[in-house]
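A.B. asks: Here you go, sequence then predicted model.
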Amino acid sequence: MDDQNKNLILATALSFLVILGWFIFFPPPETETVDAPPTGQVSQATPEASVPTAAPGAEAGSAATGTGQGAAAEETVADAPRVAIDTPRLTGSISLQGGRIDDLSLKDYHETVEPGSPIVKMLKPVGDAGAYYALYGWAPGAGLTLDDVPGANTEWRLAAGEVLGVDSPVTLSWDNGKGLTFRREIAVDADYMFTITQSVENTGGGTVGLAPYGILARHGEPADRKKFFILHEGVVSMADGELTETDYKDMPDFDFQAREGARAEVDQVETDGWIGFTDHYWMSTLIPAPGSAFKQVAKYDERRDIYQTEAVLPTETVGEGQTASVTTQLFAGAKEWETIRAYENAGIKGFIDSIDWGWFFFLTKPIFWLLHNIHNLIGNMGWSIIALTLILKAILFPLAFKSYVSMAKMKELQPQMEKLKEAAGDDRAKVQQGMMELYKKEKVNPAAGCLPILLQIPIFFSLYKVIFVTIELRQTAWFGPFQDLSAPDPTSIMNFFGLAPWGAPEPGTLAATVLIGILPLLLGISMFIQQKLNPAPTDPTQKMIFAWMPWVFMFMLGGFASGLVVYWITNNTITFTQQYLIMRSQGYKPDVFGNIMQTFKRSAPEDKK
């Protein structure tokens, strides 16, 4: 076996092992249905201030409202008065019970590509499966009890505004009857950012202390969670420049903290930070004002299966006749790169890292940036992926050129290498020494042929991350049946690649894996033709590996996102063209057609030995 074939087999085997490992460690996503049980928990903001639970009915005797509703409060959330939310991109409502933002849908996004598919509902009130909502309030400190501050079940009054929209905020009000009047102004921009200004006016006697807070709560894990290793879903937070990602499965392992009343992790942020929950494409985030110090809490109530994040600001001291006011923000919407980047440029440090760029972030970020800008020019994501592949191949061309020139020279040296083997006989050390001297004399690097293939591995993973994670690829069309490049090829041999009126097998099933679509088939063909730039190896083991490799890859990659398969086909086609032209320029003329025909001929008797 000559060194060129050894290198090619090594590179191919490495690629195969990496992709095989991908399937083992990154199994297909699974979904799980989760019930929405009631919840309750108590935590402390500071030694003087206690943050009430986000869930109705958890406060002892419903102390925050003084109504004595207890657990029955959960049943009345749906019946509470509401204030509508209506912007160009959002629709929903705010419940006056607790003043919670618990009903929010995204107008620009639908659940599926099917006509008439409902829009994505992101936040849900208590009582709905998978309840998910934001709650704001004040934790009582010196001189106050839970009766004196608004809590999870407080019945707020609409004091100003009618419908929350862009440039039309609403104001909620609540008087505790003891000299404290609480107001909450809620505004929203044209995208997904809410601005919440909480204020308290002290018209009674004495000085009081109380701490403003924001809470995001989820009842159970999200039912549509992907549970895919490549994707982070759970808590995401930034604290003074340090990003932390915590999966739902890890939160029950938090240490129980008596001050928080649950299993929790607590961090003190000095100047800049934010915390919230991230899903595949959506995110909700509590964002104190830039430069603010606050306490960041991620907690899990194992008794009631609730996940919660908190941003607790320092205690405010309010004397008689004084007013205290604090403004924070809430992001609730789609993880769009341009939108999130604009918020980061406006002062939210590290916000772009709320998108899960992965281990190869140094490649993933620029690849996405390039793809995004190409798409802005072309307007079609499928053609943009092809254009991106052309650009990446152009960038790597100098290295590829050296590699292919080296491979061509190796072909020229083949007769001399055969003479060395004949002269040395079974003396392998002498053969290796002779080959090294020959390589040095002819200035050939036998390892150069591996580099283009090896370089494709991190680029492949980075592009896969871009296609799988970023919302810009979600439900993006190419042409014909390819209406979602983030999903597997929707065509199949079973429906004659989309020509027949019946559907294809369900993605992820054995039938879909076997009855592949047109894109995986083209992938296999492109790999097969690329192999035929060189004659088949004479060694039977090598020959068998090369014969099976394209078709194994064809079935393995058939279940990947169709946008990624488009990239791989384009990459193979460009690589074949580059290699063919470079080899010809170096005096070696590949007999592609002859090598293809040789594949279908019967093996000679000596090949069968």
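C.D. replies: Arrived safely, thanks for sending.

A.B. asks: Test my guess that residue 157 contacts residue 96.
C.D. replies: Yes. Contact criterion C-beta atoms under 8 Å: residue 157 and residue 96 qualify, at 7.3 Å. Any C-beta I mention is one placed from the backbone N, CA and C, and that applies to glycine too.

A.B. asks: Between these two, tell me which one has more neighbours.
C.D. replies: residue 96 (18 against 11; other C-beta atoms under 10 Å).

A.B. asks: give me every residue that touches that one.
C.D. replies: 80-83, 155-158, 172 (C-beta atoms under 8 Å, 6 or more residues apart in numbering).

A.B. asks: at 7 Å instead, please
C.D. replies: 80-83, 155-156, 158, 172 (C-beta atoms under 7 Å, 6 or more residues apart in numbering).

A.B. asks: got any residues that touch both of residue 157 and residue 96?
C.D. replies: Common neighbours of residue 157 and residue 96 (C-beta under 7 Å, 6+ apart) are residue 172.

A.B. asks: Return the item of the contacts of residue 96 having minimum pLDDT.
C.D. replies: Ranked by pLDDT, the contacts of residue 96 bottom out at residue 80, which has 85.

A.B. asks: For that one, which three-state class applies?
C.D. replies: coil (DSSP: H, G, I helix; E, B strand; the rest coil).

A.B. asks: how deep is it tucked in, by neighbour count?
C.D. replies: Neighbour count of residue 80, defined by other C-beta under 10 Å: 19.

A.B. asks: Spatially nearest residue to it, not counting backbone neighbours?
C.D. replies: Closest residue in space to residue 80, ignoring its immediate chain neighbours: residue 97 at 3.6 Å, by C-beta to C-beta, 6 or more residues apart in numbering.

A.B. asks: now that neighbour: how far from residue 499?
C.D. replies: 56 Å (C-beta to C-beta, to the nearest Å).

A.B. asks: more neighbours, these two?
C.D. replies: Set side by side, residue 97 and residue 499 show more neighbours around residue 97, with 25 against 8, by other C-beta under 10 Å.

A.B. asks: State the phi and psi torsions of that one.
C.D. replies: Here is the backbone geometry of residue 97 (degrees, to the nearest 10): phi -80, psi 110.

A.B. asks: Same check on residue 136?
C.D. replies: Taking degrees, to the nearest 10 as the convention, residue 136 sits at phi -120, psi 160.

A.B. asks: Give me the pLDDT for it.
C.D. replies: At residue 136, pLDDT is 96.

A.B. asks: ditto for residue 558
C.D. replies: At residue 558, the pLDDT recorded in the model is 79.

A.B. asks: State whether it and residue 518 are indeed in contact, as I suppose.
C.D. replies: No. Counting by C-beta atoms under 7 Å, residue 558 sits too far from residue 518 to count as a contact (10.4 Å).

A.B. asks: Report the set of residues contacting both of these two.
C.D. replies: residue 489.

A.B. asks: Look at residue 503 and tell me its secondary structure.
C.D. replies: coil.

A.B. asks: mind checking which helix or strand of the protein has the lowest mean pLDDT?
C.D. replies: Ranking every helix and strand in the chain by mean pLDDT, DSSP states H and E puts strand 43-44 at the bottom, with a mean of 36.

A.B. asks: Name the nearest residue to the residue sitting nearest the centre point of the chain, ignoring sequence neighbours.
C.D. replies: For the chain, the residue sitting closest to the mean C-alpha position, by C-alpha atoms, centre = their mean, is residue 469 at 3.5 Å. Leaving aside its sequence neighbours, residue 469 sits nearest to residue 356 (C-beta to C-beta, 6+ apart; 5.4 Å).

A.B. asks: Now do residue 298 against residue 258, distance only.
C.D. replies: 17 Å.

A.B. asks: So these two - more neighbours on which side?
C.D. replies: Higher neighbour count among residue 298 and residue 258: residue 298, with 27 against 10, using other C-beta under 10 Å.

A.B. asks: Provide the contact partners of the helix or strand hosting that one at residue level.
C.D. replies: Element membership for residue 298 (DSSP states H and E) is strand 294-301. With contacts defined as C-beta under 7 Å, 6+ apart, strand 294-301 is touched by 39, 41, 43, 45, 235, 237, 239, 246, 251-252, 254, 260, 262-269, 273, 275, 288, 307-313.

A.B. asks: next structured bit after it?
C.D. replies: Using DSSP H and E, the helix or strand that follows strand 294-301 in sequence is strand 306-312.

A.B. asks: In its sheet, which strands sit next to that next one, and in what direction?
C.D. replies: Applying DSSP bridges to the sheet, strand 306-312 is found paired with strand 208-219 (antiparallel), strand 294-301 (antiparallel).

A.B. asks: send the alpha carbons of it over as PDB?
C.D. replies: The C-alpha trace of strand 306-312 is given here as PDB (Å, rounded to 0.1, in the frame of the first residue of the first chain):
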ATOM      1  CA  ILE A 306     -40.900  24.400  38.700                       C
ATOM      2  CA  TYR A 307     -37.900  26.100  37.100                       C
ATOM      3  CA  GLN A 308     -37.300  29.700  38.000                       C
ATOM      4  CA  THR A 309     -34.800  32.500  37.300                       C
ATOM      5  CA  GLU A 310     -34.700  35.700  39.300                       C
ATOM      6  CA  ALA A 311     -33.000  39.100  39.100                       C
ATOM      7  CA  VAL A 312     -33.200  40.700  42.500                       C
END
